[in-house]
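>>> No sequence on hand, only this structure:
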């Protein structure tokens, strides 16, 4: 049966900052609507009437819903008038959350565009985490794993590296160590006590598919021990045994996205920290 054609909808993402927030929210919401193919038009750093006029012209050329984050009242009023004239919906992303928080806290927001990107301690913590993670990818520089917040361990192609980079972007120092057949784990890993060590596992059949695709991309022979199903099953069995013996928590990443795996790791990290405080 031929699938129904997807309907393309222009979506305008407007922000007086980088646009990261509105883009992330828009993507998260639009995936809930099957058969819709969003055509994103991103308008970032909108902080002048001149830029706003160009934005309105863009919406006129490709009419569609406008999702925005904007704190300048004058620009917002002009944007509202433009959208009203074009009869396109104008949807605030942060206003309901800021309003609810303001009511609870008994405070009003500072109305500062891009404040989430200010160069504060959190910003530098993320940069430090990303630098650490890049330097400790795929078993590199494992002599100072004790400086990590999290160490992900698993066989090849279990999404260790991208998950670590996602965690680093959240300010978590994440290292990853591959398990290689025939090579025992390093003493540095086995003796590490400070970081949370998490084992990643995946269904062997799915793992073989991913490895084959990887070899195909590299224009290499797909029929090797790297993709032999029995050997891959053996790899995974040995990995699971190691994780169980060491008491490391395990996450099955077979049907998880990078974001979902990272969220599971963050939950484990939060539980560990809460447990540590309770123990004190």
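That came through fine. For clarity, every value in this text was computed on a predicted model and none was experimentally measured.
>>> where do the strands sit along the stretch 1-150 of the chain?
Under the criterion DSSP state E, counting those that start in this stretch, the stretch 1-150 of the chain contains strands at 7-15, 36-43, 66-69, 90-92, 150-154.
>>> Out of the ones you listed, flag the one nearest residue 104.
Minimum separation from residue 104 across the strands of the stretch 1-150 of the chain (C-beta to C-beta) falls at strand 90-92, 18.3 Å. For every residue, glycine as well, the C-beta is placed using N, CA and C.
>>> Mean pLDDT and distance to residue 252 for the strands of the stretch 1-150 of the chain - can I get that in JSON lines?
Below are the strands of the stretch 1-150 of the chain laid out as JSON lines (pLDDT from 0 to 100; distance: least, C-beta to C-beta, whole Å):
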{"stretch": "strand 7-15", "mean pLDDT": "93", "distance to residue 252": "34"}
{"stretch": "strand 36-43", "mean pLDDT": "90", "distance to residue 252": "31"}
{"stretch": "strand 66-69", "mean pLDDT": "92", "distance to residue 252": "35"}
{"stretch": "strand 90-92", "mean pLDDT": "92", "distance to residue 252": "37"}
{"stretch": "strand 150-154", "mean pLDDT": "98", "distance to residue 252": "11"}
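>>> Reformat the ones you listed as a markdown table; add distance to residue 248 and mean neighbour count.
Converted to a markdown table, the strands of the stretch 1-150 of the chain look like this (distance: least, C-beta to C-beta, whole Å; neighbours: other C-beta atoms under 10 Å):
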| stretch | distance to residue 248 | mean neighbour count |
| --- | --- | --- |
| strand 7-15 | 41 | 20 |
| strand 36-43 | 40 | 16 |
| strand 66-69 | 40 | 25 |
| strand 90-92 | 44 | 18 |
| strand 150-154 | 7 | 26 |
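>>> Need the ones you listed in a markdown table (columns: distance to residue 59).
Formatted as a markdown table, the strands of the stretch 1-150 of the chain follow (distance: least, C-beta to C-beta, whole Å):
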| stretch | distance to residue 59 |
| --- | --- |
| strand 7-15 | 5 |
| strand 36-43 | 8 |
| strand 66-69 | 6 |
| strand 90-92 | 10 |
| strand 150-154 | 43 |
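>>> Of all the ones you listed, which one comes closest to residue 76?
Of all the strands of the stretch 1-150 of the chain, strand 66-69 comes closest under C-beta to C-beta, at 7.9 Å.
>>> remind me which residues of the stretch 1-150 of the chain are low pLDDT?
Residue ranges of the stretch 1-150 of the chain with pLDDT under 70: 1-4, 98, 108-123.
>>> What ranges does the chain have for its helices?
Secondary structure of the chain (DSSP state H): helices at 20-30, 49-61, 73-86, 95-105, 121-135, 160-169, 187-191, 204-217, 229-246, 258-279.
>>> Please identify the buried residues of the fifth one?
Applying a neighbour-count criterion of 16 or more other C-beta atoms under 10 Å, the buried positions in helix 121-135 are 129, 130, 132, 133.
>>> The last one - nearest residue in space that isn't next to it in sequence?
If I follow you right, that is residue 133. Distance criterion C-beta to C-beta, 6 or more residues apart in numbering; nearest residue to residue 133, sequence neighbours excluded, is residue 168 at 3.9 Å.
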